[in-house]
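Enquirer: let me see the structure of the following:
(one chain, ligands or ions: 1)
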Amino acid sequence: MKALVIYSSIHHGNTEKIAKEISNILQGDLVQFSDFRENILEDYDLIGFGSGIFHGRHHHTAIKIAQNINVKGKDTFIFSTSGSGQIKYNKVLADILASKGANLVGEFSCRGYNIYGLFKWIGGIGKGRPNEKDLLKAREFAHDLLKKVMSN
Ligand SMILES: Cc1cc2nc3c(=O)[nH]c(=O)nc-3n(C[C@H](O)[C@H](O)[C@H](O)COP(=O)(O)O)c2cc1C
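Expert: This next block holds a predicted model:
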């Protein structure tokens, strides 16, 4: 089983920490959306998509690429970091992947340090996030993914 984790992490490097934990457990390859080329997809059985959340959805590069690639029948997963850490923010990307015939095998979200807008005046929110607990949860999530994909 070969895994690919595609991510962007432009605000504070929050999502990159999660992307690295997950790809380590999956022993997968890690690539940023900015360097991603669609022709590599055929080499992979499991593909993860992750970024920070910007105005309620994944970074626009993630959305644009998801809209333009062929993931029909592929096992996929989604992850995000955001100020509030809510999993509901994954929905826009999940709907796009579902509309393209991908099989969504898991979703992960956690909080990430955020100094956007008024939050900068109070030193930001979610300082130190993702923290060790978040990274542990990301590793557990990756182990669960492996179990699911192997039992398919
Ligand atoms: C322009 C902007 C918009 C954001 N919008 C949201 C949002 O809608 N909801 C939320 O919970 N966090 C929001 N955030 C916080 C980021 O999602 C959070 O800091 C995330 O961890 C950034 O990930 P990154 O460092 O990997 O880019 C926003 C941050 C910025 C800079």
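
Enquirer: distance from the centroid: which residue in this structure tops it?
Expert: Distance from the C-alpha centroid of the chain peaks at residue 121, with 28.3 Å (Cα atoms, centre = their mean).

Enquirer: span of stretch 109-116 from start to end?
Expert: Using Cα to Cα, to the nearest Å, one end of stretch 109-116 lies 18 Å from the other.

Enquirer: do stretch 2-13 as well
Expert: With Cα to Cα as the measure, stretch 2-13 spans 25 Å from end to end.

Enquirer: need the residues of the protein near the ligand, please.
Expert: Residues of the chain lying near the ligand by Cβ under 6 Å from any ligand atom: 9-15, 52-56, 81-84, 112-114, 116. Bear in mind the C-beta positions are built from the backbone N, C-alpha and C, glycine included.

Enquirer: now with 8 Å?
Expert: Within reach of the ligand by Cβ under 8 Å from any ligand atom, the chain has these residues: 7-16, 51-57, 59, 80-86, 89, 111-117, 126, 129.

Enquirer: report the contact partners of the residue nearest the centre of the chain.
Expert: Nearest to the geometric centre of the chain sits residue 50, at 2.0 Å (Cα atoms, centre = their mean). Counting by Cβ atoms under 8 Å, 6 or more residues apart in numbering, residue 50 touches 5-7, 15, 18-19, 22, 58, 62, 78-80, 108.
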